[in-house]
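Peer 1: Okay, here's the prediction I keep looking at, along with the sequence it came from:
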Amino acid sequence: MTLSETRLIDKPTIKKDFPFLDGTIFLDSAATSQMPVPVCESMSEHYRLGASNVHRGVYDWSVRATDKFECTRRKVAAFIGAQDERECIFTGGTTDALNLLAQTWGETNITAHDTVVVTSMEHHSNLLPWTQLAERKGANLIWWEVTDEGELDLDQLPEILAAQPKLVALTWVSNVLGTINPVEKLIPQLKEHGATVVLDGAQAVPHMPCDVTKLGADFLAFSAHKMLGPTGIGVLWGRAELLEEMPPCRFGGSMILSVRRDRVRWAEIPHKFEGGTPNISGVHGLGAAIDYLNSIGMDKVRKHEVELVTYAMEQLGQLDGLKVFGPQDPARRSGVISFEFRGIHPHDLATIIGREGVCARAGHHCCQPLMKNLGRQGTTRASFYIYNTREDVDVLVGALKKAGEVFKDVIL
Ligand SMILES: Cc1ncc(COP(=O)(O)O)c(C=O)c1O
């Protein structure tokens, strides 16, 4: 395979759309990705051409902002395979979406007689809303464990199905291990046993084709800032019949049909969950990010990541004393690679490779229960996206070699 075959975006386009990447090897897109210039422009346009609120004014600016806002809702629905754009609620991000869900669906549906399942590879965002809810309600909590290979323990599935959980909170892709969970196989079985399935799509939706209708999930949450969009905006998708039954939990403007002293009628979905002035320019940015990803094609985005991860696993595998956590087969993992190198503390390692221009993440990645399973306080994590190339992997490997040199005389 030649270098150019693993370049998803050509050099002139990177230079034009991501000029700030010049000289920086950005390997932290799992934390937050970079925004291409067209996304920045789409956001700034909202202010440059005359800002206005949405769903309120009748003058041109407001109509323009509202049209663009609702057009993005349709784009989001198409991007994730939702049948109805009303199923897409704009939130502040994945964390916000999952907390909203716990406050509405969770509060009304979970009782002391129910079982809630969480996996030990969940990000705290898809863990704490549910463990806190279970504790508040006195519900039974089951932890779905992870094998030594970094995959969900499927031997535990019979136990989980037998418990007939009311809720299963499951990440589609692990932000630490890169593991892609077999959600297509698991969701039908979980649903057959009566579970409502909440998918954390924060690391999946930006990186691979998504079709919630085919998946048959009940809820999906994701963030714009991990898919070329801005921070502070994300989506909660839910099946319409579930959303219609859920009470609103944020009260204020824009989420009602009528308010009388003695009676309130809520707006239809999705608006009853979107009280207050939304993040309008953020929504515009999300729409532009989806356009950008669609112009590449999500199949190509995924293919590019498999190629890059294959190459990265090969190259990292040649470094003595380097251990990659999670599945070793690139086809079973996303563009997230967590590793340990010769016992060097992840923060030291990230600092040293940072001096070589490599931006990687170090820490527990908001997955402390998983870190406990791994027997580590943290890992170093490199994560790839559309703008990364094999050359970036080579620079990472070179930087790691330098870090190895720095620590060669230190007994770790
Ligand atoms: C798997 C996963 N879930 C949830 C989140 C939280 O996303 P946000 O901080 O955008 O709410 C992250 C962020 O890293 C994540 O990786």
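Peer 2: That came through, no problem.

Peer 1: quick one, strands of the stretch 301-412 of the chain?
Peer 2: All strands of the stretch 301-412 of the chain, identified by DSSP state E, counting those that start in this stretch, fall at 322-324, 336-341, 358-359, 361-363, 379-383.

Peer 1: got it, and the stretch 151-300 of the chain?
Peer 2: Counting by DSSP E, counting those that start in this stretch, the strands of the stretch 151-300 of the chain are 167-171, 196-200, 219-223, 234-238, 256-259, 264-266.

Peer 1: Packed most tightly, which of the strands of the stretch 301-412 of the chain would that be?
Peer 2: strand 379-383 (a mean of 26; mean count of other C-beta atoms under 10 Å). Where you see a C-beta, it was placed from the backbone N, CA and C, and this is true even at glycine.

Peer 1: Would you mind listing what in the stretch 151-300 of the chain touches the ligand?
Peer 2: Residues of the stretch 151-300 of the chain lying close to the ligand by C-beta under 6 Å from any ligand atom are 171, 175, 200, 202, 203, 223.

Peer 1: and the fifth one, what are its phi and psi?
Peer 2: So that's residue 203. Dihedral pair for residue 203: phi -100, psi 0, per degrees, to the nearest 10.

Peer 1: Need the pLDDT of it.
Peer 2: Looking at residue 203, its pLDDT reads 98.

Peer 1: Identify the bridge partners of the closest residue to it other than its chain neighbours.
Peer 2: Leaving aside its chain neighbours, residue 203 sits nearest to residue 173 (3.9 Å; criterion: C-beta to C-beta, 6 or more residues apart in numbering). Beta-bridge partners for residue 173, by DSSP bridges, are residue 180.

Peer 1: give the contact list for residue 173.
Peer 2: Residue 173 sits next to 179, 180, 181, 201, 203, 204, 207, 334, 336 when contact means C-beta atoms under 8 Å, 6 or more residues apart in numbering.

Peer 1: again, only using 6 Å
Peer 2: Contacts of residue 173 were listed using C-beta atoms under 6 Å, 6 or more residues apart in numbering, and they are 180, 203, 204, 334.

Peer 1: right, and out of these, which lies closest to the ligand?
Peer 2: The closest of these to the ligand turns out to be residue 203 (C-beta to the nearest ligand atom; 4.7 Å).

Peer 1: ok, that closest one to residue 7 distance?
Peer 2: 23 Å (C-beta to C-beta, to the nearest Å).

Peer 1: Look at the two and report which has more neighbours.
Peer 2: Counted by other C-beta atoms under 10 Å, residue 203 and residue 7 do not tie: residue 203 has more neighbours, with 28 against 18.

Peer 1: Leaving out chain neighbours, which residue sits closest to the spatially most central residue of the chain?
Peer 2: When C-alpha atoms, centre = their mean is applied to the chain, the residue found nearest the centroid is residue 202 (0.9 Å). Among residues not flanking residue 202 along the chain, residue 94 sits closest, at 4.3 Å (C-beta to C-beta, 6+ apart).

Peer 1: Okay then, goodbye and thanks.
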